[in-house]
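A.B. asks: this one's sequence-less:
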């Protein structure tokens with residue numbers, strides 16, 4: 001995979017920088033919420049739009065868990081990774097049960113359950129709410145209100161029959177919409193207009209009291225739409241840049257532009273998460289240096305789904321994929337590279353972290369011009 005932001009270079013501290021011991025560095029990121037305590041995320045990486053319908057629910061659940069165990073936030077509904085009467089591992093309490101003495105007899109042990117712990121998870125709150133259920137809000141980390149019309153892989157503003165069948169668990173002899181594509185909507189049906197968006201955020205805060213409420217948008221009309229979204233009071237903004245074929249400079253410039261518009265709209269301290277499409281770990285760290293607080297790594301994780309299709313046994317027959325092994329083969333190395341670069345950024349002043357030998361890149365992105 002080629003670096004899209006190869007014209008940008010990570011800069012070391014100036015040669016004249018006095019030697020000092022390295023302080024405590026962390027790759028964790030904090031999301032402040034308008035209500036309740038702040039959230040601390042171990043990594044600023046997330047899988048924004050997994051195509052779970054390509055996998056059987058059991059394998060989708062295993063893959064979601066395997067990725068989450070590497071501290072990557074995964075977007076999934078209960079219906080994405082399990083049938084109606086199944087409890088998926090992604091939604092399970094993972095706190096250990098320890099045995100402690102107690103009760104009426106000296107040899108009696110009592111199981112003590114500590115505070116519940118759950119894997120980091122994003123609830124994709126799509127306009128139509130297909131597949132959404134109350135359990136999705138339980139113990140969610142982020143609720144992502146997607147303020148955009150969905151385009152299927154066919155190019156339609158619609159959901160495929162396979163996707164709808166997964167979400168709605170419809171019988172084969174009575175599929176939703178007769179088995180055809182189901183049209184997508186542009187706005188949550190219970191929100192009349194942008195002026196009422198803040199009420200939707202408040203409602204979601206009541207449904208998911210421990211989660212942060214984010215809003216997703218596209219890059220097409222940022223000057224018109226972003227101020228209104230920020231004014232509605234989300235806890236963060238997700239900018240989806242993966243649906244357009246952007247050159248590297250355009251990707252970087254839109255990231256900077258979104259951050260600037262958020263500041264102008266009074267959202268200076270709101271997290272800005274970017275869904276950039278195909279990127280390398282170096283690109284991801286550079287986007288952080290340009291103002292992003294979280295990076296969508298769909299291109300790293302989508303390949304894990306593709307890798308699961310090629311699992312065969314010694315005789316060439318398809319075998320059940322080992323999802324943890326598939327994830328362990330590629331994802332940790334990319335996360336480690338990103339982590340190292342992310343930590344190195346903290347050793348350099350913000351305005352001196354990136355530079356370019358291209359005058360166009362340096363002027364457009366307001367980074368140091370190298371000569």
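C.D. replies: Structure received. Everything numeric in this text was worked out from a predicted model, so none of it was measured.

A.B. asks: from residue 335, how far out is the closest residue to residue 162 other than its chain neighbours?
C.D. replies: Spatial nearest neighbour of residue 162, chain neighbours left out: residue 53 (5.1 Å); criterion: Cβ to Cβ, 6 or more residues apart in numbering. C-betas here are computed from N, CA, C, even on glycine. Relative to residue 335, residue 53 is positioned 26 Å away (Cβ to Cβ, to the nearest Å).

A.B. asks: and what of residue 302?
C.D. replies: For residue 302 relative to residue 335 (Cβ to Cβ), the value is 16 Å.

A.B. asks: what's the answer for residue 185, then?
C.D. replies: Distance, residue 185 to residue 335, by Cβ to Cβ: 35 Å.

A.B. asks: same question, residue 19
C.D. replies: 30 Å.

A.B. asks: okay, residue 302 and residue 335: which has more neighbours?
C.D. replies: The residue with more neighbours, out of residue 302 and residue 335, is residue 335; 20 against 16, by other Cβ atoms under 10 Å.

A.B. asks: so the more buried one sits right up against residue 44, yeah?
C.D. replies: No: contact criterion Cβ atoms under 8 Å: residue 335 and residue 44 do not qualify, at 11.0 Å.

A.B. asks: ends of stretch 270-279, what's the gap?
C.D. replies: 24 Å (Cα to Cα, to the nearest Å).

A.B. asks: what's next to that stretch, contact-wise?
C.D. replies: The contact list for stretch 270-279, computed with Cβ atoms under 8 Å, 6 or more residues apart in numbering, reads 1, 4, 29, 31, 46, 48-49, 214, 230, 234-242, 246, 251, 255, 258-259, 262, 283-284, 287, 291-299.

A.B. asks: and for stretch 180-190?
C.D. replies: 125, 127-130, 145, 147-152, 154, 156-161, 164, 176, 200.

A.B. asks: and for stretch 154-170?
C.D. replies: 52-53, 57, 77, 79-80, 83-84, 128, 130-131, 149-153, 175-177, 179-184.

A.B. asks: in PyMOL, how would I select just the buried ones from those?
C.D. replies: Per 16 or more other Cβ atoms under 10 Å, the buried members of those correspond to this PyMOL selection:
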select buried, resi 52+53+57+77+79+80+128+130+131+150+175+176+181+182+184
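
A.B. asks: now, which of the contacts of stretch 154-170 lie within helices?
C.D. replies: Under the assignment DSSP state H, those contribute 57, 79-80 to helices.

A.B. asks: now, which of these sits nearest residue 67?
C.D. replies: The shortest approach to residue 67 among the ones in helices among the contacts of stretch 154-170 belongs to residue 80, at 13.1 Å (Cβ to Cβ).

A.B. asks: enumerate every residue touching the spatially closest residue to that closest one that is not a sequence neighbour.
C.D. replies: Distance criterion Cβ to Cβ, 6+ apart; nearest residue to residue 80, sequence neighbours excluded, is residue 52 at 4.0 Å. Residue 52 makes contacts with 60, 64, 76, 80-81, 166, as judged by Cβ under 8 Å, 6+ apart.

A.B. asks: for residue 277, see how far away residue 52 is.
C.D. replies: On the measure of Cβ to Cβ, residue 52 and residue 277 end up 19 Å apart.

A.B. asks: my read: residue 144 touches residue 121, true?
C.D. replies: No: if you go by Cβ under 8 Å, residue 144 and residue 121 don't touch, sitting 10.6 Å apart.

A.B. asks: neighbour-wise, which of the two wins?
C.D. replies: More crowded of residue 144 and residue 121, by other Cβ under 10 Å: residue 144, with 27 against 23.

A.B. asks: which helix or which strand is home to the more buried one?
C.D. replies: Assigned by DSSP states H and E, residue 144 belongs to strand 142-146.

A.B. asks: what does that strand contact?
C.D. replies: Contact partners of strand 142-146, identified using Cβ under 8 Å, 6+ apart, comprise 31, 46, 73, 75, 121-127, 137, 188, 200-201, 204, 207-208, 211-216, 234, 236, 238.

A.B. asks: if anything else comes up later, I'll come back, but that's it for now.
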